[in-house]
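Colleague: Predicted model follows, preceded by the sequence.
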Amino acid sequence: YLQALLEQEVIHREDNQLQRRLKAAGFPVPKTLESFDFSAIPSVNKAKILALSKGEYVKDRENVLFVGNSGTGKTHLATALGIAACRQGYRVRFWRVGQLVAELQEAQNEHRLSRLEKQWLRLDLVVLDELGYVSLSRTASELLFHFLAARYERGSLIITTNLEFSEWPQVFGDEKMTAALADRVTHKAYLFELNGESYRFRETLRRQEAMQGQLASP
């Protein structure tokens, strides 16, 4: 009875710790690999994604990049890998790039950038979503570059972007800085290209067809 009681207490504590890690990570919408339709995006290697979900890349401080059109499942996969890392006990933080840049600029204005840097370097994994959707000012580009460069070989990154690497200078506005950034980010990285039509668009069409079928039935 005491052994069973202690086991339940351990399970309860572990669950509480997981919930705290998930809350601290700041995922906007929970997503899992079980709910991802790999058949809809055949360009994604399912076996490699499942292997990454075991978390070895986080331990080895390697990066993962998802490149592709909007709606192809990049954020879903990035979030699912982040949640898997939380379950393995890693400290994870999810940011949309615009959100992160705003926090960095605010910290710089309030002269607490170095304190914020200490916080982000304690993270095992940072998920950066939507790189390239919004052009950055010179100051914002430099802050983001510093953030990414500081994590080089000190912690893992997952980045989602709709831009090929040749298009990154459009966002950062400086070819030399962009080249240095891409060099750091892609070193020891797993790259996945998600090609095809928008997964969300196909889901919308599928729902509309289902509704039309229900309306047409007697």
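Modeller: Right, received. Where do you want to start?

Colleague: before we move on, which element is Gly71 in?
Modeller: For Gly71, there is no helix or strand it lies in under DSSP states H and E.

Colleague: Now the phi/psi pair for it, please.
Modeller: For Gly71, the backbone dihedrals (degrees, to the nearest 10) come out as phi 90, psi 10.

Colleague: Count the neighbours of it for me.
Modeller: Residues near Gly71, counting by other CB atoms under 10 Å, number 18. For the C-beta atoms, the positions are set from N, CA and C on the backbone; glycine is no exception.

Colleague: Can you read off the pLDDT for it?
Modeller: Looking at Gly71, its pLDDT reads 84.

Colleague: gap between Leu104 and Leu144?
Modeller: With distances taken as CB to CB, to the nearest Å, Leu104 is found 7 Å from Leu144.

Colleague: OK, contacts around the residue nearest to the spatial centre of the chain?
Modeller: Central residue of the chain (CA atoms, centre = their mean): Val127, 3.2 Å from the mean position. For Val127, the contact set (CB atoms under 8 Å, 6 or more residues apart in numbering) comprises Ala25, Ala78, Thr79, Leu81, Gly82, Val92, Arg93, Phe94, Trp95, Leu157, Ile158.

Colleague: Now with 7 Å, please.
Modeller: Ala78, Gly82, Val92, Phe94, Ile158 (CB atoms under 7 Å, 6 or more residues apart in numbering).

Colleague: Take those and keep only those in helices.
Modeller: Ala78, Gly82 (DSSP state H).

Colleague: Pick out the most distant pair among the contacts of Val127.
Modeller: Farthest apart among the contacts of Val127 by CB to CB are Ala78 and Val92. That separation is 10.7 Å.

Colleague: which of those two has more neighbours?
Modeller: With neighbours defined as other CB under 10 Å, Ala78 and Val92 compare such that Val92 has more, 27 against 23.

Colleague: what's the spacing between that one and Gln119?
Modeller: Val92 is 13 Å from Gln119, by CB to CB.

Colleague: Out of the helices and strands in the chain, which is least certain?
Modeller: For the chain, using mean pLDDT, DSSP states H and E, the weakest element among its helices and strands is helix 199-216, scoring a mean of 55.

Colleague: on that earlier part again, pretty sure the residue nearest to the centre of the chain is in a helix, no?
Modeller: No: Val127 is assigned strand when assessed by DSSP: H, G, I helix; E, B strand; the rest coil, not a helix.

Colleague: Pairing partners for it in the sheet, please.
Modeller: Phe94, Ile158 (DSSP bridges).
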